[in-house]
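K.L.:
Sharing a model prediction with you, sequence too.
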Amino acid sequence: MSRHGIHTIDTAFQRDHFDAAYLIVEAGRGAFIDCGTNHSVPRLLDALQSAGLEPDEVDFLIVTHVHLDHAGGAGLLMQQLPNATLVAHPRAAPHLIDPAKLIAGATAVYGEEEMQRSYGTLVPVPEARVRVVEDGETVTLSGRPLQSIDTPGHARHHHCIWDARSRSWFTGDTFGLSYRELDGPHGAFILPTTTPVQFEPVALKASIARMVAYAPDAMYLTHYGRIGDVPRLAQALYEQVDAMVAIANACDGRADRHRCLVAGLSALYLERAHALRVPLADEEVERVLAMDIELNAQGLGVWLDRGRP
């Protein structure tokens, strides 16, 4: 069941209900927002068919940023969408046209074997099929405006997409992570993502505030799905960004800095899970968040080494 023609697609990256892409259908035309990895492409094409569209009826693939769980499958998917334009942030577009740096960076982090297992071989997108959108610029899907705004803080190549029809944002990673397993009697649990390498806390809070100023009805997160209750969740993100900065500063200079960061983040998220009465035992909460705790700790470490802001 879709709201406002918005279909949530589970890309099956890492686990179920972890990584989403979206399909917007308007008057017989489609737009994908984010696409997961190469391995996700069959699922996106299946979703297209289920929505009653053919591949040549897709006008846009809009990527929020070039992290591989969002855009790794862009080149391969574009090969299947003959009439689509790839829409990207100015800092993202060059990496989609020539993914050599993305491949090198991800391989350095994950190793060749894991790179192939998780992401496959990245396919370049022809430059003629890429449209760069500046801050505030709009593309139109069958008369339905989709506006991009620059949203640094998680990454400098990140933009979020405002869909006025549904009064919703497609937030990529800027509005944090909220997994449905952690929903409780007081609503959704949310946390910021400080994944390496461009965490900027002041910019991140400003980006969140800019989105909240539109008074959205909902946020569509890549990780994972549609959430409402936006003012409360925005406040939770602001508080946690500040708490994560405090944890990073407290751990800075220690020989066991990474261990300290992991422990501090785990304690922060468990405390907030308890306050929200998340219906899982502590060890289950930590299992769901294990990869994010590790990546957030790494990102805070990079931020400290960069000399902060």
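P.N.:
In hand now; what should we look at?
K.L.:
Pro273 is in what secondary structure piece?
P.N.:
Careful, residue 273 is Ala and not Pro. For Ala273, the host element (DSSP states H and E) is helix 257-275.
K.L.:
Tell me the helices and strands packed up against that helix.
P.N.:
Helix 257-275 makes packing contacts with helix 230-251, helix 282-305 when contacts are defined by 3 or more C-beta pairs under 8 Å, 6 or more residues apart in numbering; DSSP states H and E. Where you see a C-beta, it was placed from the backbone N, CA and C, and this is true even at glycine.
K.L.:
Enumerate the positions of the last one that are buried.
P.N.:
Neighbour-count burial for helix 282-305, counted by 16 or more other C-beta atoms under 10 Å, picks out 285, 288-289, 292-293, 296-301, 303-304.
K.L.:
From the rest of the structure, what touches that helix?
P.N.:
By C-beta atoms under 8 Å, 6 or more residues apart in numbering, the residues outside helix 282-305 that reach it are 14, 177, 179, 181-182, 191-197, 199-201, 244, 247-249, 251-252, 257-258, 261-262, 265-266, 269-270, 273, 278, 280.
K.L.:
Let me know the angle separating that helix from helix 257-275.
P.N.:
Put simply, helix 282-305 runs at 130 degrees to helix 257-275, going by axes from the mean of the first three to the mean of the last three C-alpha atoms, to 10 degrees.
K.L.:
average pLDDT for helix 282-305?
P.N.:
On average, the pLDDT along helix 282-305 is 96.
K.L.:
out of the contacts of helix 282-305, which are buried?
P.N.:
Buried subset of the contacts of helix 282-305 (neighbour count, 16+ other C-beta under 10 Å): 177, 179, 181-182, 191-196, 199-201, 244, 247-248, 251-252, 257, 261-262, 265-266, 269-270, 273, 278.
K.L.:
before we move on, back to that, generate JSON lines for the helices and strands packed on helix 257-275, with distance to Tyr220 as supplementary columns.
P.N.:
Output for the helices and strands packed on helix 257-275, formatted as JSON lines (distance: least, C-beta to C-beta, whole Å):
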{"stretch": "helix 230-251", "distance to Tyr220": "12"}
{"stretch": "helix 282-305", "distance to Tyr220": "19"}
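K.L.:
Out of those helices, flag the one nearest Arg210.
P.N.:
Shortest distance between Arg210 and these, using C-beta to C-beta, is found for helix 230-251: 10.7 Å.
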